[in-house]
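Trainee: got a sequence here, can you model it:
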Amino acid sequence: MTEQPKPTTYIDAFVDFSFKRLFATEESKPILIGFLNHIFKGRKYIVAIEYGKNEFHGEIAEEGGAIFDITCTEVDGSKFIIEIQRGYQKHFKDRALYYTSRAISEQAPKGSIKEWGYNLTAVYLIAFLEDFTLPGSPRSEYLQDICLANRHTGLIFYEKLNFIFIEMLNFVKGPDALHSELDKWLYALKHLTEFEKRPEYLSGPEFDQLFNLAKYANLTRKERDMYNASLKYKWDNKNVRDYAAEQGREEGLKQGLEQGLEQGLEQGIEIGEAKGKHKKALETAAVLKGRQISVDLIIEATGLTIEEIERL
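Mentor: I've put the predicted structure just below:
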């Protein structure tokens, strides 16, 4: 039976429409700035952001997903680029490298590269992995912060290319375990559709803005249509994946049963053959023993033990 989403007070943060509404509009800039600063935890402090020209939904229309870039300005005036996306399972690492590489290569000026001197602006990729985790990722970790480093010494080789993966499946904290602002943010995003009203422990100007933008009742008719279409697309994909997974489990069980029966039959034949050979050896030993043949010769001829021969 096909499962369909139920109406909720707040929108699902992890569909294309909602993701862009909460993170990629002028109205949502304060939300994104606060969220990013919680991710960087003092390593960087962003005071302004500017949305770039890149929104690559055309290339991923068949899969769904949102990818956009922003230019961040730090408190000291320096700038860096962040690619923000919802992750994909197929060739995910290759995609991550592809989009960051493009953000790097597009920095090259149209004029003389020699004069530019390859003075690159740092590029970060921040990806939300909603329904899968990186291979080998420990269940206790939900924030993977990756950079180029020496494999043996751990020494960081290059500071200007970084990947931050937020594994929502591994974020399993409850309300009593939200000890940081980032924890509160991830909890709010993951459980938005479960809230009938905003919890008291998610308070402050940033959450005011988040819950205001996320409230379904605050959407225009056109926005509701866009959201419902985006949500339906997500759930249709989920139903297809669930069906494929169920079919895979059934096929796996069937193959396992067939293999088990086949192995059982082979083992049964082997056991039967062994018992038959043993019975024949006992019969032969009994005849030889009746003819007063030495025990050593009987053991050599039949392969039986001396104890088996003596019991005859």
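Trainee: what about the strands in this structure?
Mentor: Under the criterion DSSP state E, the chain contains strands at 46-55, 67-74, 79-86, 123-129, 143-149, 156-167.
Trainee: with mean neighbour count, distance to Lys6 and mean pLDDT added, can I get these in TSV?
Mentor: The way it works is simple: take the backbone N, C-alpha and C, and place the C-beta from them, glycine included. TSV is the format used below for the strands of the chain (neighbours: other CB atoms under 10 Å; distance: least, CB to CB, whole Å; pLDDT from 0 to 100):
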stretch	mean neighbour count	distance to Lys6	mean pLDDT
strand 46-55	14	30	80
strand 67-74	20	28	86
strand 79-86	20	22	83
strand 123-129	22	23	89
strand 143-149	14	30	91
strand 156-167	16	26	90
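Trainee: so which of the ones you listed is nearest Lys20?
Mentor: Closest to Lys20 of the strands of the chain is strand 67-74 (CB to CB; 7.4 Å).
Trainee: just the angle for the closest one relative to strand 123-129, thanks.
Mentor: Relative orientation of strand 67-74 versus strand 123-129 (axes from the mean of the first three to the mean of the last three CA atoms, to 10 degrees): 130 degrees.
Trainee: direction included, what does strand 67-74 pair against?
Mentor: The strands beside strand 67-74 in its sheet (DSSP bridges) come out as strand 46-55 (antiparallel), strand 79-86 (antiparallel).
Trainee: got a markdown table for the strands of the chain, with distance to Glu307 too?
Mentor: Shown next, in a markdown table, are the strands of the chain (distance: least, CB to CB, whole Å):
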| stretch | distance to Glu307 |
| --- | --- |
| strand 46-55 | 83 |
| strand 67-74 | 76 |
| strand 79-86 | 72 |
| strand 123-129 | 65 |
| strand 143-149 | 64 |
| strand 156-167 | 62 |
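Trainee: so which of those strands gets nearest Glu26?
Mentor: It is, among these and with distance given as CB to CB, strand 46-55, at 8.2 Å.
Trainee: what's in contact with that closest one?
Mentor: Strand 46-55 is contacted by residues 24, 29, 32-33, 36-37, 40, 66-75, 81, 83, 102-103, 106 when judged by CB atoms under 8 Å, 6 or more residues apart in numbering.
Trainee: mind redoing it with 6 Å?
Mentor: Lys29, Ile33, Leu36, Asn37, Phe68, Asp69, Ile70, Thr71, Cys72, Thr73, Val75 (CB atoms under 6 Å, 6 or more residues apart in numbering).
Trainee: still on that earlier bit, closest to Glu159 out of the strands paired with strand 67-74?
Mentor: strand 79-86 (10.2 Å).
Trainee: okay, the angle between that closest one and strand 156-167?
Mentor: 30 degrees.
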